[in-house]
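K.L.:
Output the structure for:
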Amino acid sequence: MDLAEHKKKLDFLLQQSGIPSYMHESIVEYIVNGRPVGAFLRSLLCGNLFETFARADENNKKAIENYVRFFSNSIFSSCYGSEEKVKNWIETKGMRGL
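P.N.:
I've put the predicted structure just below:
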(Lines give C-alpha, C1' and ligand atoms only; values in the text may rest on other atoms or scores of the structure.)
Protein backbone atom coordinates (compact mmCIF):
# COMPACT_ATOMS: atom_id res chain seq x y z
CA MET A 1 0.00 0.00 0.00
CA ASP A 2 1.48 3.36 -0.98
CA LEU A 3 1.29 6.54 1.12
CA ALA A 4 -1.73 7.93 -0.75
CA GLU A 5 -3.66 4.73 -0.03
CA HIS A 6 -2.64 4.86 3.63
CA LYS A 7 -3.89 8.45 3.82
CA LYS A 8 -7.26 7.42 2.35
CA LYS A 9 -7.54 4.54 4.80
CA LEU A 10 -6.67 6.78 7.75
CA ASP A 11 -9.18 9.41 6.58
CA PHE A 12 -11.88 6.75 6.42
CA LEU A 13 -11.02 5.35 9.85
CA LEU A 14 -10.95 8.83 11.38
CA GLN A 15 -14.36 9.65 9.93
CA GLN A 16 -15.73 6.62 11.76
CA SER A 17 -13.74 7.19 14.97
CA GLY A 18 -15.63 9.86 16.88
CA ILE A 19 -12.49 12.03 16.95
CA PRO A 20 -13.33 15.69 16.19
CA SER A 21 -12.94 16.35 12.46
CA TYR A 22 -10.72 19.40 13.02
CA MET A 23 -8.07 17.01 14.40
CA HIS A 24 -8.02 14.62 11.45
CA GLU A 25 -5.50 16.44 9.26
CA SER A 26 -2.98 16.74 12.09
CA ILE A 27 -3.28 13.04 12.89
CA VAL A 28 -2.91 11.93 9.28
CA GLU A 29 0.06 14.22 8.65
CA TYR A 30 1.74 13.04 11.83
CA ILE A 31 1.29 9.37 10.95
CA VAL A 32 2.18 9.63 7.26
CA ASN A 33 4.81 12.39 7.23
CA GLY A 34 5.94 12.68 10.85
CA ARG A 35 4.70 16.26 11.03
CA PRO A 36 4.90 17.62 14.60
CA VAL A 37 1.56 18.07 16.35
CA GLY A 38 0.21 20.47 18.95
CA ALA A 39 0.57 20.10 22.71
CA PHE A 40 -2.70 18.23 23.28
CA LEU A 41 -2.09 15.62 20.64
CA ARG A 42 1.58 15.24 21.56
CA SER A 43 0.73 14.63 25.22
CA LEU A 44 -1.85 12.05 24.14
CA LEU A 45 0.63 10.31 21.81
CA CYS A 46 3.26 10.27 24.57
CA GLY A 47 0.81 8.71 27.02
CA ASN A 48 0.74 11.61 29.47
CA LEU A 49 -2.83 11.39 30.75
CA PHE A 50 -2.76 14.38 33.10
CA GLU A 51 -1.28 16.72 30.50
CA THR A 52 -3.68 15.38 27.86
CA PHE A 53 -6.70 16.38 29.93
CA ALA A 54 -5.14 19.71 30.90
CA ARG A 55 -4.56 20.65 27.25
CA ALA A 56 -7.78 19.26 25.74
CA ASP A 57 -10.67 21.44 24.70
CA GLU A 58 -14.17 20.22 25.62
CA ASN A 59 -14.68 18.25 22.40
CA ASN A 60 -11.36 16.47 22.76
CA LYS A 61 -11.98 15.67 26.44
CA LYS A 62 -15.17 13.88 25.41
CA ALA A 63 -13.30 12.00 22.67
CA ILE A 64 -10.25 10.72 24.56
CA GLU A 65 -11.60 7.16 24.66
CA ASN A 66 -12.05 7.37 20.88
CA TYR A 67 -8.45 8.52 20.43
CA VAL A 68 -7.18 5.60 22.50
CA ARG A 69 -9.27 3.15 20.50
CA PHE A 70 -8.11 4.68 17.20
CA PHE A 71 -4.42 4.68 18.07
CA SER A 72 -4.40 1.22 19.58
CA ASN A 73 -6.35 -0.38 16.71
CA SER A 74 -5.49 1.63 13.61
CA ILE A 75 -1.86 2.72 13.55
CA PHE A 76 1.71 1.62 14.13
CA SER A 77 2.56 1.17 17.80
CA SER A 78 5.97 2.66 17.02
CA CYS A 79 4.47 6.15 16.59
CA TYR A 80 2.85 6.51 20.03
CA GLY A 81 3.24 5.45 23.65
CA SER A 82 6.22 7.44 24.89
CA GLU A 83 8.08 10.70 24.35
CA GLU A 84 10.95 8.75 22.76
CA LYS A 85 8.67 6.97 20.26
CA VAL A 86 7.01 10.24 19.24
CA LYS A 87 10.36 12.00 18.86
CA ASN A 88 11.73 9.14 16.74
CA TRP A 89 8.60 9.06 14.58
CA ILE A 90 8.93 12.78 13.82
CA GLU A 91 12.68 12.53 13.18
CA THR A 92 12.24 9.64 10.74
CA LYS A 93 9.40 11.45 8.88
CA GLY A 94 6.63 9.02 9.85
CA MET A 95 5.57 6.33 7.41
CA ARG A 96 7.49 8.16 4.70
CA GLY A 97 10.69 7.17 6.49
CA LEU A 98 9.85 3.48 6.82
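K.L.:
going forward, measure contacts and count neighbours with C-alpha atoms only.
P.N.:
Fine.
K.L.:
Please, where are all the helices along the protein?
P.N.:
For the chain, the helices defined by DSSP state H cover 3-17, 24-33, 39-46, 49-55, 58-62, 64-74, 83-91.
K.L.:
what's the nearest residue to the most centrally placed residue in the chain if we skip its chain neighbours?
P.N.:
The centre of the chain sits closest to Ile27, judged by Cα atoms, centre = their mean, with a distance of 4.2 Å. Once flanking residues are discounted, Ile27 sits nearest to Val37: 7.8 Å by Cα to Cα, 6 or more residues apart in numbering.
K.L.:
Can you tell me how far the one you found is from Met1?
P.N.:
24 Å (Cα to Cα, to the nearest Å).
K.L.:
quick one: which of those two has more around it?
P.N.:
Val37 (17 against 5; other Cα atoms under 10 Å).
K.L.:
which residues touch that one?
P.N.:
Ser26, Ile27, Tyr30 (Cα atoms under 8 Å, 6 or more residues apart in numbering).
K.L.:
how close does the closest residue to Glu91 other than its chain neighbours sit to Glu83?
P.N.:
Counting by Cα to Cα, 6+ apart, Glu91 lies nearest to Gly34, which is 7.1 Å off, once chain neighbours are set aside. Distance, Gly34 to Glu83, using Cα to Cα: 14 Å.
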